[in-house]
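J.: Here is the input, now give the coordinates:
(2 chains)
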Amino acid sequence: MNRLSGILLLIVGVLVVEAPAQVTFERLINASKEPQNWLTYSGDYAGSRFSSLDQVNTANAHSLMAKWVYQTAATGKFETTPLVVDGILYATAQDDRAFALDARTGRPIWMYQHQLPSDIRPCCGRVNRGLAILRDKVFLGTLDAHVIALDAKTGNIIWDVAAVDYKQGYSFTLAPLVVKNIVILGVSGGEYGIRGFIDAYDADTGKRKWRFYTVPGPGEPGHDTWEGDSWKIGGAPAWVTGVYDPGTDQLFWPTGNPSPSNRGEGRAGDNLYSNSLLALDADTGKLNWYFQFTKHDEHDWDATQVPIMIDSGGKHLIAQANRNGFFYVLDRTTGKLLSTNAYARITWSDSKDAEGRPVANNQSSPTPEGRTVCPGALGATNWMSPSFDSRTGLFYVTAREQCDIFSTAPQPYEVGHAYYGSAYFPSDKAEPYWGALRAIDPATGQVKWEFRHLSPTWSGVLSTAGGLLLTGDAEGNFIALDASSGKPLWHFQMGGAVYASPMSFAVDGKQYVAIASGSSLYAFGLP
Amino acid sequence: MPTLFCQKTFSLAFWSRVFVSIPIFMGVVALLTCSTRAEEVRNPFSGDPKAAKAGEFEFRINCAFCHGLGARGGGRGPDLTRAHKRHGDSDAELFQNISQGIPGTVMPANGTNGQGVGMTDDEIWQIIAYLRSIQMQAPAKSIGNAAHGKELFYGDANCSSCHMVEGKGGRLGPDLTAVGTARTVDSLIESVRIPSQRLAWGLTESTKEFAQEYETVTVVTADGHEIKGVTLNEDQFSLQMMDTSERVHLFEKDKLRSFQKSRKSLMPAYNQSILSDQDLDDIVAYLLSVNTK
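T.: Predicted structure coming up:
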């Protein structure tokens, strides 16, 4: 028996060595120790979107060149952030495609396309932002509100569960987040009068472990922030991937607009937990604290921007550049607001409440005739990822300068139908919209510098240990900047507008930076 | 059920299934069958005031961005209260145009402008019911003498030195062949009297592949030549422009000595002393008369 055990142990030992693609929770926690891989949507649990690879750096970025291009054969906005694990790249594309590529060459290994019903009605394109991975599975949330586990080696379906009835306007567009053995997703549908939630599923079985409704039901704290029955269709989706703090075993997940998005009549109150940051216990989904950025929102200013955990001077902070135009720093232990500063043009607020939170002035509510407010309907930023580089100490965000006329359009609620209660238009006096990559010092909240874009971009930002910032623009350029000054060092015209955030990885000791543009995924490297 | 079948054929999802699941010639047969039947398509909400009201809100949310709050035309989209619409007046044509967009124009297909959620077939029909409810019964009275306007356009008013209509004229400013069907009379008049008030609108962002706004641009090349003209296209690093002699220039911005862009139009402002109100009305009448067949 002893001898047999020895042989078995040997075999097991060999198997372990031969299965390097097993992404464990420990690897996810320690993602920074394997910078050649990109294991989660934001690259780490803190949400930093920072790569500690430095082979491509300020000295040689001018010689970056396209290494391969993968075409999805799909149309519409291509919003994915790929994952890379040990030489294999996993990503999604429009219409709920998922695929695995040889990360060195871009050659496909497998492709999966979810069969979508013809009557889905995603608000903002047939988009998907990426996958999550754990052990031998990748996880996909779909436009018909399914959660699917695929075999990482083949793309075969391991399990497929419907989270909710998509016909009521629910969908998933975000990259899920894996923590321990659960897969976490927030739902989309703030344009349909849904009741938002964040779900956690068992990674092995697909069984739902918990659901946190972002609109409290009767008897729950916060329920009284909704007028009458408005909570039932209160919105507050959670359509961007949150972050996770292993130290306190908490998720920090941002939520979106109350419904209808631009008409507050009928939903008097603060409308919790719309436009908030939620601190949830990862095992149970229990709410530890919340912070609401915009109370009783009437401008569709979702707080669905990736928050970034920053540890500085012994303080455990979390920072968000919010769609409403303010940059917020919170103590992530307590949820207490520490500072807030405008990083883009705002006209909706000129005072702060006792907690320091900017409050709306009396010139900001939409009217039937329309009222000009800055930022506009798409916000001072949106879902495109920010980045934090602890070496420069700067928080980088894609900003948009746009003011709009907000006009109400009363609309009855109908199940599964668009439910905005509003319309918006460019202001008559509007300059052409423009955008900028802004570097914010979280210690002061001040914008240190900006790189001005010709027009607003939907590209996020990657910072790297090579001293670089990578970002894309609406005209199709991929651009490398000096992270300390914002000076452009290199660009490449990819031929399609960017609606995605860049990432970086390495294979065989060679660093790549990758980004989606048009209908193609590009990987760049040194000659 | 022919109506339903035809509506279905308007959806992209349907065609992708058609082309995937049956031989292409079958798809062509379906298309031919349907284009015949499309003529018979009628609005199920025709004359229903409740549907028209619902359509008004749908219109605000989905259409007013370009066509204006009351459908009387905005900077980008035409006045839809006119009985005659350039791309078709029938229910079937309106449905088709809303659902599929209009190729060659900035009119996007339903749900593809990246900003709305897209409409159901019923919601599109409600919008058509709304448009019918506000449609002006008599065609707009001609405001001037189109024949005289044409003479002025190609003659004394000098419009054709920079603008083309039906293939004749200059290239520095926008082609005005379709402008009469795309713009309101008020915006045409404003564009002549105060050209810089509103440059040609850029396309909405999602379709902004080619956003010509006719901004005035002045560059000084590395060897000191100053060139003035309009932008044809531009990104962060390069500029494609046409100078006042209609020469096309392609520049990398960092190789220029200077680069200045202005939203003050190169077009002179035609005040009353240059162009009388009557003459302007005649030119507008000419532009309205073009391309209305």
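
J.: Is there proximity between whichever strand or helix holds B:Val217 and chain A?
T.: Using DSSP states H and E, B:Val217 maps to strand B:216-220. No - using Cβ under 8 Å from any Cβ of the partner chain, strand B:216-220 stays clear of chain A, with a minimum separation of 13.0 Å. The way it works is simple: take the backbone N, C-alpha and C, and place the C-beta from them, glycine included.

J.: continuing past that strand, what's the next helix or strand?
T.: Downstream of strand B:216-220 (by DSSP H and E), the next one is strand B:226-234.

J.: Just the residues contacting that following strand, thanks.
T.: Contact with strand B:226-234 is made by A:454, A:475, B:172-173, B:210-221, B:239-244, B:248-249, B:261, B:266, as judged by Cβ atoms under 8 Å, 6 or more residues apart in numbering or on different chains.

J.: what does the model give the most centrally placed residue in chain A for pLDDT?
T.: Centroid-nearest residue in chain A, with Cα atoms, centre = their mean: A:Val240, separated by 3.8 Å. Looking at A:Val240, its pLDDT is 98.

J.: from what I can see it touches A:Gln320, true?
T.: No - under the criterion of Cβ atoms under 8 Å, A:Val240 is not in contact with A:Gln320, lying 10.6 Å apart.

J.: Okay, now the unreliable bits of chain B?
T.: For chain B, the stretches with pLDDT under 70 are B:1-40, B:74-76, B:112-117, B:137-142, B:200-212, B:292-293.

J.: So what's the residue count around A:Ile308?
T.: A:Ile308 has 27 neighbours, counted by other Cβ atoms under 10 Å in any protein chain shown.

J.: do the one 5 residues further on as well
T.: Other residues near A:Gly313 number 6, with proximity taken as other Cβ under 10 Å.

J.: next one: the one 5 residues further on
T.: The number of residues packed near A:Ile318 is 24, by other Cβ under 10 Å.

J.: Same check on the one 3 residues further on?
T.: For A:Ala321, the tally of surrounding residues (other Cβ under 10 Å) stands at 27.

J.: With B:Glu58 as the reference, measure out to the closest residue to it other than its chain neighbours.
T.: Of all residues not flanking A:Ala321 in the chain, A:Val397 sits nearest, at 4.0 Å (Cβ to Cβ, 6 or more residues apart in numbering or on different chains). As judged by Cβ to Cβ, to the nearest Å, A:Val397 and B:Glu58 stand 34 Å apart.

J.: Is A:Glu475 in contact with A:Pro456, as I believe?
T.: No - applying Cβ under 8 Å as the test, A:Glu475 and A:Pro456 come out as separate, 11.0 Å apart.

J.: any idea how far A:Gly130 is from A:Leu174?
T.: Between A:Leu174 and A:Gly130 the distance, using Cβ to Cβ, works out to 8 Å.

J.: Give the intersection of the neighbour lists for those two.
T.: A:41, A:241.

J.: Counting neighbours around each, name which of these two comes out higher.
T.: Neighbours were counted for A:Leu174 and for A:Gly130 using other Cβ under 10 Å; A:Gly130 has more, 30 against 27.

J.: Look up the pLDDT of the nearest residue to the more buried one once chain neighbours are set aside for me, please.
T.: Using Cβ to Cβ, 6+ apart and skipping the chain neighbours, the partner closest in space to A:Gly130 is A:Ala175 (3.3 Å). On pLDDT, A:Ala175 comes in at 98.

J.: For A:Ala175, which three-state class applies?
T.: coil (DSSP: H, G, I helix; E, B strand; the rest coil).

J.: With A:Leu277 instead?
T.: What three-state DSSP gives for A:Leu277 is strand.

J.: Surely it and A:Trp253 touch.
T.: Yes - A:Leu277 is within contact range of A:Trp253, at 7.4 Å (criterion: Cβ under 8 Å).

J.: neighbours of the residue nearest to A:Gly186 when sequence neighbours are not counted, just the number please.
T.: Nearest residue to A:Gly186 in three dimensions, chain neighbours excluded: A:Ala238, at 2.5 Å (Cβ to Cβ, 6+ apart). Counted with other Cβ under 10 Å, residues neighbouring A:Ala238 total 29.

J.: In terms of secondary structure, what does the helix or strand where the residue nearest to A:Ala321 lies contact?
T.: According to DSSP H and E, A:Val397 maps onto strand A:394-401. Counting by 3 or more Cβ pairs under 8 Å, 6 or more residues apart in numbering or on different chains; DSSP states H and E, the packing neighbours recorded for strand A:394-401 are strand A:315-321, strand A:387-389, strand A:434-441, strand A:461-464.

J.: okay if I get these as JSON lines plus mean pLDDT?
T.: Shown next, in JSON lines, are the helices and strands packed on strand A:394-401 (pLDDT from 0 to 100):
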{"stretch": "strand A:315-321", "mean pLDDT": "98"}
{"stretch": "strand A:387-389", "mean pLDDT": "98"}
{"stretch": "strand A:434-441", "mean pLDDT": "96"}
{"stretch": "strand A:461-464", "mean pLDDT": "98"}
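
J.: Need the winner for burial among those strands.
T.: strand A:461-464 (a mean of 30; mean count of other Cβ atoms under 10 Å in any protein chain shown).

J.: Output the contacting helices and strands for the helix or strand just after that one.
T.: Sequence order places strand A:468-472 as the next helix or strand after strand A:461-464, per DSSP H and E. On a contact count with 3+ Cβ pairs under 8 Å, 6+ apart, strand A:468-472 meets strand A:461-464, strand A:477-482, strand A:510-517.

J.: how many other residues sit next to B:Asp223?
T.: B:Asp223: 6 neighbours (other Cβ under 10 Å).

J.: do the same with B:Val220
T.: 14.

J.: My guess is it contacts B:Lys255. True?
T.: No - using Cβ under 8 Å, B:Val220 makes no contact with B:Lys255, being 11.2 Å away.

J.: Helices of the chain, residue ranges please.
T.: Going with chain A. A:2-18, A:25-29 (DSSP state H).

J.: wrong chain, I was asking about chain B
T.: Under DSSP H, chain B gives helices at B:2-9, B:12-21, B:24-38, B:49-62, B:64-67, B:91-100, B:121-134, B:146-154, B:179-182, B:185-193, B:277-289.

J.: Can you tell me how far B:Pro49 is from A:Trp159?
T.: B:Pro49 is 50 Å from A:Trp159, where distance means Cβ to Cβ.

J.: still on that earlier bit, between A:Val397 and B:Glu58, point out the one with more neighbours.
T.: A side-by-side neighbour count of A:Val397 and B:Glu58, using other Cβ under 10 Å, places A:Val397 first with 31 against 28.

J.: Against the centre of chain B, work out the most remote residue.
T.: For chain B, the largest distance from the centre (Cα atoms, centre = their mean) belongs to B:Asp223, which lies 39.9 Å off.

J.: And for B:Gly111, the neighbour number?
T.: 23.

J.: near chain B, which residues of the stretch 151-300 of chain A show up?
T.: Proximity of the stretch 151-300 of chain A to chain B, by Cβ under 8 Å from any Cβ, involves residues A:191-192.

J.: Quick one: the strands in the stretch 151-300 of chain A, in order.
T.: A:157-162, A:177-179, A:182-186, A:197-202, A:208-213, A:243-245, A:250-254, A:276-281, A:287-292 (DSSP state E, counting those that start in this stretch).

J.: quick one: buried residues of the third one?
T.: It refers to strand A:182-186. A:182-186 (16 or more other Cβ atoms under 10 Å in any protein chain shown).

J.: All set, thanks.
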